[in-house]
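In: quick one, fold the following:
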Amino acid sequence: MIRRKPIPRFRFHPEFSQHYETILDGAVRRYRNGREVCTDTPQGWREYAKRVGMMVQRQNYRCCLCNRRVAVISATFEHQRRRGMGAAWRDDRIENERGEAMNGAAHWVCNSEKG
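Out: Predicted coordinates:
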């Protein structure tokens, strides 16, 4: 029987990395390919909530999945690309480099049903 250990998850991230740079006082990591990921810190959670609020306003307070009204307090981040593998593909930007809207805000129920 092969016993495999789970992938360790660390809350400590190096200050400098060859793969990403930190922006907004460490709240966001920007990778070489342009994607941004909010960190698991109080600053990162505030930036994440701010981005959800901006998306809700952009969508005229409508869920991006069911098109019903959504309140900012109950909205969640709906990623266009899946977040699998420990968020290896996660991209928390609300606009791409061309200024086009990406990702959206959705009810947490709609988002969980989508998967």
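
In: okay, CA-based contacts and neighbour counts for the rest of this
Out: Fine.

In: give me the low-pLDDT residue ranges for this protein?
Out: Counting by pLDDT under 70, the chain shows low-confidence ranges at 1-18, 81-88, 115.

In: show me where it has helices.
Out: Remark: helices assigned in the chain by DSSP state H are 42-58, 84-87, 108-114.

In: columns mean neighbour count and distance to residue 78 on top of these, output as a markdown table?
Out: A markdown table is the format used below for the helices of the chain (neighbours: other C-alpha atoms under 10 Å; distance: least, C-alpha to C-alpha, whole Å):
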| stretch | mean neighbour count | distance to residue 78 |
| --- | --- | --- |
| helix 42-58 | 18 | 9 |
| helix 84-87 | 9 | 13 |
| helix 108-114 | 13 | 6 |
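
In: mind checking which of these is nearest residue 99?
Out: helix 42-58 (13.1 Å; C-alpha to C-alpha).

In: run the chain-centre distance for that closest one.
Out: Put simply, helix 42-58 sits 9 Å off its chain's centre (C-alpha atoms, centre = their mean, to the nearest Å).
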